[in-house]
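Here is a sequence together with a model predicted from it:
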Amino acid sequence: MKFSKFISYFFHPINFPTIGAILFFLFLPKFIFKPQEYLIITVIFIGTYIFPILLLWLLKRFNMINSYHMVTIEERKFPLLLFISIAFIIGNWLYKSTIVDILSLFFFGYGLSLICISLFLYLKIKVSLHTLGVSGLIGFLIYFSYFYKINIIVILATLFVLAGLVASARLKLRAHQLNEILLGGVIGIAAQFVVYFIYIM
């Protein structure tokens, strides 16, 4: 149980945007000035990590949510709308740069996937944000490696193992049903591929 909690906390969904950005710059076969790279990573970290934490703290402070885990379906609705906005704002900001426009697709994909799981809330289905987060990163890295013709098979294999650990942890903690775990994985990857196909059309 402790291991499952560690996996759930350490690989929380809000960590994956920053992880994805770091991996992008580590393997990007283009030269980018380091100050520009650090600026982009810093903005992404603040926008997708610091700001959401402050947001959740405020929501809990004003009793709009009972727990930072947003256990109930109703608790998830408003925060998800804000997270969708953050994803598209950062995606649009990145897209304006021709150097990192591929990275923008990562955030557009997350935005699209969050829209999808918001719709599932109205069907009383609480899709796993944890599996959505890790699968979204996997989907992004698959087309990122294909687009730039780079071999990151070890990274992808590691992430698939991680996805299994995250899914198992969420099931063991009884945070989700199996269908909610699977939906998170499918939506996360599918949304990334959708935005990529739109991009290359």
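Cool, the structure landed.

Need the residue closest to the centroid of the protein.
Nearest to the geometric centre of the chain sits residue 133, at 3.6 Å (C-alpha atoms, centre = their mean).

what sits against it?
When contacts are counted by C-beta atoms under 8 Å, 6 or more residues apart in numbering, residue 133 touches 11-16, 188. Using the backbone N, CA and C atoms, a C-beta is placed for each residue, glycine as well.

Where helices are concerned, which of those residues count?
16, 188 (DSSP state H).

quick revisit: which pLDDT value belongs to the residue nearest to the centre of the chain?
On the pLDDT scale, residue 133 is placed at 94.

what's the answer for residue 171, then?
pLDDT, read off for residue 171, is 85.

for residue 29, same thing?
Reading off the model, residue 29 has pLDDT 87.

For it, which non-adjacent residue is closest in space?
For residue 29, ignoring the flanking residues on the chain, the nearest one in space by C-beta to C-beta, 6 or more residues apart in numbering is residue 148 at 5.4 Å.

and the gap between the one you found and residue 93?
Separation of residue 148 from residue 93 (C-beta to C-beta, to the nearest Å): 21 Å.

go on, residue 124?
Applying C-beta to C-beta to residue 124 and residue 93 gives a distance of 35 Å.

Can you report how many residues neighbour residue 182?
As a burial measure, residue 182 scores 16 neighbours (other C-beta atoms under 10 Å).

Mind telling me what element it is part of?
helix 178-200 (DSSP states H and E).

Quick one: list the elements packing against that helix.
Packed against helix 178-200 by the contact rule (3 or more C-beta pairs under 8 Å, 6 or more residues apart in numbering; DSSP states H and E) you find helix 101-121, helix 129-148, helix 153-172.

Ignoring the adjacent residues along the chain, who's closest to residue 8?
That would be residue 169: by C-beta to C-beta, 6+ apart, it lies 5.2 Å from residue 8.

The one you found - how many residues pack around it?
Neighbours of residue 169 under the rule other C-beta under 10 Å: 21.

from memory it sits against residue 9, does it?
No - using C-beta atoms under 8 Å, residue 169 is not in contact with residue 9, being 9.6 Å away.

sorry, back to before: and residue 124 and residue 93? which has more neighbours close in?
A direct count of neighbours by other C-beta under 10 Å for residue 124 and residue 93 places residue 93 higher, at 16 against 7.

Okay, buried residues for stretch 62-77 please.
For stretch 62-77, burial by neighbour count (16 or more other C-beta atoms under 10 Å) applies to 65, 70, 75-76.

what's the helix or strand for residue 78?
Applying DSSP H and E, one finds residue 78 within helix 73-95.

Fine by me, thanks again.
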